[in-house]
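Asks: Below: sequence and its predicted model.
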Amino acid sequence: MPGKNTKKKAGALNYALDQLSAELDSHKHSAVIVMDADTTVDSDFVERAENKMGRNKYVGGVSSIFVGRNSHNILGTLQQMEFARFRRLVKERIEVYVLSGTASLISWNALKKVKEARIIGKQLPKGDSYYDVDSMTEDNELTLALLALGYTIPHVGIESITDVMEDFKSLYNQRKRWYMGALQNIKMYGLKMPVWMRFIYWFQQIGLYMALAITPIILFAFITYIIRTIMITGTLTSLFTPNALIAVILFYAYVLVQVITVWDQGWMARLLAFFYIPDLVYGIFLLIFYAGALWTFITNKELSWIQT
């Protein structure tokens, strides 16, 4: 787009769609593929997504399922593992949680309906274009807009491979934007979401709140228990009681499941899952990032959009 873009990715997409609108209107069933620059997707994605869209007029967009590109450091591999586990959850569903910004085919008619509804401001929050330029996560916001208008957002089981953040600063900026955007979008849509949408999206946030509160309590209790045992008995042998051994067996059964869920991500992912501590520490860092986003949201501070 000409000049300086102050409206982030959403602004660039709106400009491109306006420029292409005449061409898109000249075809009966036009659709637009939206992809991130750091993403690759299987060559038959468009064909399969078009077929899915053509069979049901209520399909607003067809999403790919994002996975992490192979990384050569621990932080990047931990994200691969996170995305691989999320992929398993998504593949069990007919629809996706979010119409992925990594690679999605979106109905042009649905995009026009979104723009019309934004201008009217009854079914959707007030706006004047296809994408909301004020949202920190334009793909998540468009997902809510399409669902609120009665569209569905299925996937076709095809994966899109995207870059992972290989340093903590980039990961922090990405996740704080993701978490903040989700909170803003849920607040903005409120009762405009269908009941089933409210259950899914609010349940997800409540789960994060609970994890944020419970995780440090469990860690503190575990460390306190070990210290107290050592102080009273002078040894760790009392930890190895029959009940404790059962707990250990159950724990390693859980670890085995964690290893299996990332098996296709390579040997480094398998080792990290087996030793568990890196996985745990990574999860705690994500909770810390979420806490930062939640505090920014509660205090109504402005968050700058940083490209990641």
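Replies: Arrived safely, thanks for sending. Residues are numbered from 1 along each chain as shown.
Asks: Not counting its neighbours along the chain, what's nearest K176?
Replies: The shortest distance from K176 to any non-neighbouring residue, by Cβ to Cβ, 6 or more residues apart in numbering, is to A293 (4.7 Å). Using the backbone N, CA and C atoms, a C-beta is placed for each residue, glycine as well.
Asks: is it true that that neighbour touches Y172?
Replies: No: counting by Cβ atoms under 8 Å, A293 stays clear of Y172, with 9.8 Å between them.
Asks: neighbour-wise, which of the two wins?
Replies: Taking neighbours as other Cβ atoms under 10 Å, A293 and Y172 compare with A293 leading, 23 against 19.
Asks: Mind telling me what element the more buried one is part of?
Replies: Element membership for A293, per DSSP states H and E: helix 277-298.
Asks: quick one: buried residues of that helix?
Replies: 278-279, 282, 285-287, 289-290, 292-294, 296-297 (16 or more other Cβ atoms under 10 Å).
Asks: Of those residues, which is the nearest to M136?
Replies: Distance to M136, by Cβ to Cβ, is smallest for A293 among the buried residues of helix 277-298, at 9.4 Å.
Asks: In contact with that closest one, which residues?
Replies: 175-176, 179-180, 183, 303 (Cβ atoms under 8 Å, 6 or more residues apart in numbering).
Asks: mind putting the residues you listed in a markdown table, secondary structure, neighbour count and pLDDT included?
Replies: Rendered in a markdown table, the data for the contacts of A293 read as follows (DSSP: H, G, I helix; E, B strand; the rest coil; neighbours: other Cβ atoms under 10 Å; pLDDT from 0 to 100):
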| residue | secondary structure | neighbour count | pLDDT |
| --- | --- | --- | --- |
| R175 | helix | 20 | 91 |
| K176 | helix | 21 | 90 |
| Y179 | helix | 24 | 88 |
| M180 | helix | 22 | 89 |
| L183 | helix | 20 | 86 |
| L303 | coil | 17 | 71 |
